[in-house]
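Enquirer: Got a sequence here, can you model it:
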Amino acid sequence: MNIGHQSAPSRLPTAETLTVEFKSDRKRLPDDELVEALVCLANTEGGELWLGVEDDGTATGLHVAHHNLASLPGLIAARTSPSLAVAVEALEIAGIRVARIAVPKAVSEVATTAGTYLRRRIKQDGLPECVPMLPHERISRASSFGLTDVSALPVHGCSLADFDPLERERLRQAVQQYGGDRVLLDLDEEALDGALGFTQRQADGSRVPTLTGLLLIGRESVLQQRVPTHELAFQVLAQQAVRYNEFRRFPLLKAMDWLETNFRPYNPEQELQVGLFRVPVPLVDMAAFREAVANALIHRDYHRMGAVHVRLEDDALVISNPGGLVDGVTLANLLVTEPRPRNRALADAMKRIGLVERSGRGVDTIYRGMLKFGRPPPDYGRTDAQNVVLQLPTVPADVAFRRMVVDIERQRGAELPIDSLIALGALREFKRVSAEALAQHIQRDAACAKRTLEALTEAGLVEAHGNTRGRSYTLSASVYSVVSDKASYTRQVGFGPIQHEQMVLSYIRQHGQIKRAEVMDLCRLTEGQAKELLRRLVVAQKIDLRGAGRASAYVEYVNAEQA
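Expert: Down below sits the predicted model:
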C-alpha cells in the first residue's frame with residue numbers, strides 16, 4: 001500500500017490515452033465503476049487513473065467521501081481477483097486536490113469480484129474505451145505472458161483422420177532436406193505424433209490432434225474449419241502496382257514450400273568469384289528469408305484474425321504477423337533475450353524438423369543474412385502491440401564487403417560472431433564508433449562491445465584511436481583497401497592532432513568562437529578527445545575559455561600585454 005501527498009502542478013497529462021484515464025468525482029464516483037476502470041487498465045498495459053479530473057483534463061477535485069485516500073488500496077484489493085495492488089497519491093493541481101492511482105500491468109488477467117473481465121483499447125477516433133475481455137482474448141493474453149501454450153492444446157472435435165498422409169510424407173522429406181532430427185525418420189506414426197506433440201492422449205486412451213499437429217500435417221479443409229485464423233499471404237508490389245497477391249490456408253510445411261517456390265522468381269542473384277569458389281549474392285538471403293517466415297508463423301497469435309503477410313516492396317521484404325512481442329521481449333533486447341516463443345509446442349516441433357534454428361537464436365540468422373552482404377540490419381521499427389513487422393532492406397549488396405567476409409571466415413574456419421558482423425556493419429555505416437555506441441547496436445554492455453572491437457583490432461580489421469577513456473574505432477586500412485575506398489580511410493584517420501588544431505583555430509577565426517560539441521562534430525572526435533584537444537590549445541595559449549556551463553565557449557587567445 002502506498003499513499004502519498006504532494007503538490008505537482010505540471011504532472012497532469014493533457015489527454016486520455018491507452019494508459020491514462022480521467023474520472024470525474026464531483027458526484028462521487030461509484031466504487032464499482034472505479035474498480036472496473038482500474039481492472040481495465042491492469043488487463044492492458046497498466047497506467048494511471050486520475051480521480052477528480054474531467055474527460056477534457058480539467059481538474060475539478062475529489063468528492064468529500066474520497067478525501068481520506070488511505071482506505072482506497074484496500075478497497076481495490078478486496079474488489080478484484082486476483083487482488084490488484086495499486087499506489088495512490090494525492091496531488092494539488094492549481095490548488096485543487098485530486099488523486100493519482102498508479103496501476104501495474106497484470107501478469108494474469110484480473111477480474112472484479114463480480115466476475116467482470118475488461119480490457120482497454122483505442123477507438124477509431126483515437127480515444128480510449130473499456131470493453132469486455134472475451135474468453136479467446138483472455139487465452140491470447142495468457143499466451144503472450146507464457147502462462148499457457150495454445151499450440152499444445154487438443155482441438156476438440158478433431159480426430160486422427162484429420163491428419164493428411166501426404167503432409168506426413170512431406171514432414172519426413174523436410175527432416176532430410178533441412179537437416180532435422182533424423183531420429184524422427186525411424187519412428188512410426190504414433191511415436192512420431194507423440195515426439196512432436198501432434199496429439200494428446202485423453203482419459204479414455206484415445207488420441208486427439210493438437211493445434212500443432214493440425215497446423216503441420218492437418219488437412220487443408222480441416223484447418224479452414226477448425227483454425228480459421230490461420231492464413232498466409234504473399235504479395236509483390238512494384239511502385240504501388242500489385243504484381244502478385246495470393247492468400248493460402250495450407251498446412252505450414254506445404255505453406256513454406258509454396259511460399260519459397262513463388263518467391264524465388266523474384267529473388268535474383270549474382271555470383272561472386274572468391275578464389276576458386278563462386279559465392280551467390282541474392283537479393284534476399286534464403287536462410288534469413290526462411291527463418292523470418294517460420295518465426296512469423298510460429299510466434300503469431302492464433303486467436304487473432306489476420307494473415308501472416310510476406311510482401312516484397314520496392315526497397316524491402318516486409319514480413320508481419322498478428323500478435324505483438326511476447327512479454328519480456330522488446331526491440332531493445334531482441335538479440336540477447338532468451339527464446340520466448342508464444343507457441344512453444346509448435347516452435348519445438350519446427351526446430352526438430354529443421355525449419356528453424358535449433359538453438360532458438362533465429363534472429364541471429366536473420367541479422368547474419370543481411371549484414372554479411374553489407375546491407376543494413378533488419379528493421380523491426382514498425383512493430384507495435386498488435387503486430388510484429390520485420391523489414392529486410394533489399395538495397396544492392398556490397399560485393400567487395402561480401403568478398404572480405406568470405407575470406408575472413410575461410411581463414412578462421414568458422415563464421416564471424418554475430419556481434420563482430422554487427423560491429424563491422426556499424427563501422428561501415430558510421431565510419432567511427434566507440435564501445436559505448438556499439439553497445440546499443442549489439443544490445444550488450446560497453447564491456448562486451450569493447451571486447452568485440454578489440455578482437456577485431458587484433459585480427460587487423462579495425463584500428464583503435466585515442467586513449468582508453470576516449471577510445472574510438474575505425475575500419476583498418478587493409479579493410480578500406482579491400483573495399484576499394486582508400487579515400488574514406490584517409491578522411492577518418494588521416495587528420496592528426498596538428499590538423500585538428502588548425503581546424504579548430506580556423507573555425508574560431510571564421511565564427512568568433514567554438515563550443516566543445518562543435519569540436520566533436522567538426523573533427524569527428526569523442527567527448528574525451530575533444531576535451532583533450534581543447535586543453536592542449538588552452539595550455540599552448542592559442543585559445544581561451546570564456547563563460548561557464550552550457551554558455552562556455554572557446555575564443556582566440558589575446559595576449560594581455562598586446563591588448
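Enquirer: Tell me how many other residues crowd residue 260.
Expert: 14 (other C-beta atoms under 10 Å). From N, CA and C alone the C-beta is placed, and that goes for glycine too.
Enquirer: does it count as helix, strand or coil?
Expert: helix (DSSP: H, G, I helix; E, B strand; the rest coil).
Enquirer: which element is the residue lying closest to residue 103 once chain neighbours are set aside on?
Expert: Closest residue to residue 103 in three dimensions, ignoring its sequence neighbours and counting by C-beta to C-beta, 6 or more residues apart in numbering: residue 41, at 4.4 Å. Using DSSP states H and E, the element containing residue 41 is helix 31-42.
Enquirer: Tell me which helix or strand comes right after that helix.
Expert: strand 47-51.
Enquirer: just checking, what packs against that next one?
Expert: strand 20-23, helix 31-42, strand 96-103 (3 or more C-beta pairs under 8 Å, 6 or more residues apart in numbering; DSSP states H and E).
Enquirer: can you list those in JSON lines and add mean pLDDT, mean neighbour count and distance to residue 73?
Expert: Listed next are the helices and strands packed on strand 47-51 as JSON lines, based on pLDDT from 0 to 100; neighbours: other C-beta atoms under 10 Å; distance: least, C-beta to C-beta, whole Å:
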{"stretch": "strand 20-23", "mean pLDDT": "94", "mean neighbour count": "21", "distance to residue 73": "16"}
{"stretch": "helix 31-42", "mean pLDDT": "94", "mean neighbour count": "21", "distance to residue 73": "11"}
{"stretch": "strand 96-103", "mean pLDDT": "93", "mean neighbour count": "21", "distance to residue 73": "9"}
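Enquirer: And the ones you listed: which comes nearest residue 216?
Expert: Among the helices and strands packed on strand 47-51, the nearest to residue 216 by C-beta to C-beta is helix 31-42 (36.0 Å).
Enquirer: contacts for the closest one?
Expert: 19, 21, 23, 47-49, 51, 75-76, 79-80, 84, 86, 101, 103-106, 110-112, 114, 116-120, 130 (C-beta atoms under 8 Å, 6 or more residues apart in numbering).
Enquirer: Was I right to think residue 96 contacts residue 59?
Expert: Yes. Using C-beta atoms under 8 Å, residue 96 is in contact with residue 59, at 4.6 Å.
Enquirer: shaky segments in this structure?
Expert: 1-10, 145-147, 358-360, 467-469, 481-497, 560-563 (pLDDT under 70).
Enquirer: In contact with the spatially most central residue of it, which residues are there?
Expert: Among the residues of the chain, the one closest to the centroid is residue 331, at 2.4 Å (C-alpha atoms, centre = their mean). Neighbouring residues of residue 331 by C-beta under 8 Å, 6+ apart: 325, 380, 381, 383.
Enquirer: quick one, what contacts the residue nearest to residue 463 when sequence neighbours are not counted?
Expert: Once flanking residues are discounted, residue 463 sits nearest to residue 476: 4.8 Å by C-beta to C-beta, 6+ apart. With contacts defined as C-beta under 8 Å, 6+ apart, residue 476 is in contact with 460, 461, 462, 463.
Enquirer: Near the second one, how many other residues are there?
Expert: Close neighbours of residue 461, defined as other C-beta under 10 Å, add up to 22.
Enquirer: so it touches residue 405, yeah?
Expert: No. Using C-beta under 8 Å, residue 461 makes no contact with residue 405, being 10.1 Å away.
Enquirer: mind listing the helices in the stretch 1-150 of the chain by residue range?
Expert: 31-42, 72-78, 135-144 (DSSP state H, counting those that start in this stretch).
Enquirer: Throw those helices into CSV and include distance to residue 258, thanks.
Expert: Shown next, in CSV, are the helices of the stretch 1-150 of the chain (distance: least, C-beta to C-beta, whole Å):
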stretch, distance to residue 258
helix 31-42, 42
helix 72-78, 52
helix 135-144, 27
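Enquirer: Go through those and name the closest to residue 550.
Expert: Of the helices of the stretch 1-150 of the chain, nearest to residue 550 by C-beta to C-beta is helix 31-42, at 39.6 Å.
Enquirer: and for residue 96 and residue 59, which residues touch both?
Expert: Contacts common to residue 96 and residue 59, judged by C-beta under 8 Å, 6+ apart, are residue 52.
Enquirer: If we ignore the residues flanking it in sequence, what's nearest residue 527?
Expert: residue 520 is the one closest to residue 527 (C-beta to C-beta, 6+ apart), at 6.3 Å.
Enquirer: Now for the one you found: which residues touch it?
Expert: For residue 520, counting by C-beta under 8 Å, 6+ apart, the contacting residues are 526, 527, 529, 530.
Enquirer: same deal with residue 234?
Expert: Residue 234 sits in contact with 244, 245, 246, 248, 259, 262, 263, 310, 311, where contact means C-beta under 8 Å, 6+ apart.
Enquirer: doesn't it fall inside a helix?
Expert: No. Counting by three-state DSSP, residue 234 is not found in a helix; it is strand.
Enquirer: mind checking which helix or strand the closest residue to it other than its chain neighbours is in?
Expert: In space, and not counting its chain neighbours, residue 234 is closest to residue 310: 5.0 Å by C-beta to C-beta, 6+ apart. Following DSSP H and E, one finds residue 310 within strand 308-312.
Enquirer: Would you map the strands across the stretch 351-500 of the chain?
Expert: 387-393, 432-433, 462-465, 472-475 (DSSP state E, counting those that start in this stretch).
Enquirer: That should have said the stretch 201-350 of the chain, apologies.
Expert: In the stretch 201-350 of the chain, the segments counted as strands under DSSP E, counting those that start in this stretch are 207-209, 232-238, 241-248, 269-274, 277-282, 308-312, 316-322.
Enquirer: Just put those in a markdown table and tack on distance to residue 70.
Expert: Shown next, in a markdown table, are these (distance: least, C-beta to C-beta, whole Å):
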| stretch | distance to residue 70 |
| --- | --- |
| strand 207-209 | 53 |
| strand 232-238 | 55 |
| strand 241-248 | 58 |
| strand 269-274 | 70 |
| strand 277-282 | 66 |
| strand 308-312 | 51 |
| strand 316-322 | 44 |
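Enquirer: And those: which comes nearest residue 220?
Expert: Across these, closest to residue 220 is strand 241-248 (C-beta to C-beta), at 8.7 Å.
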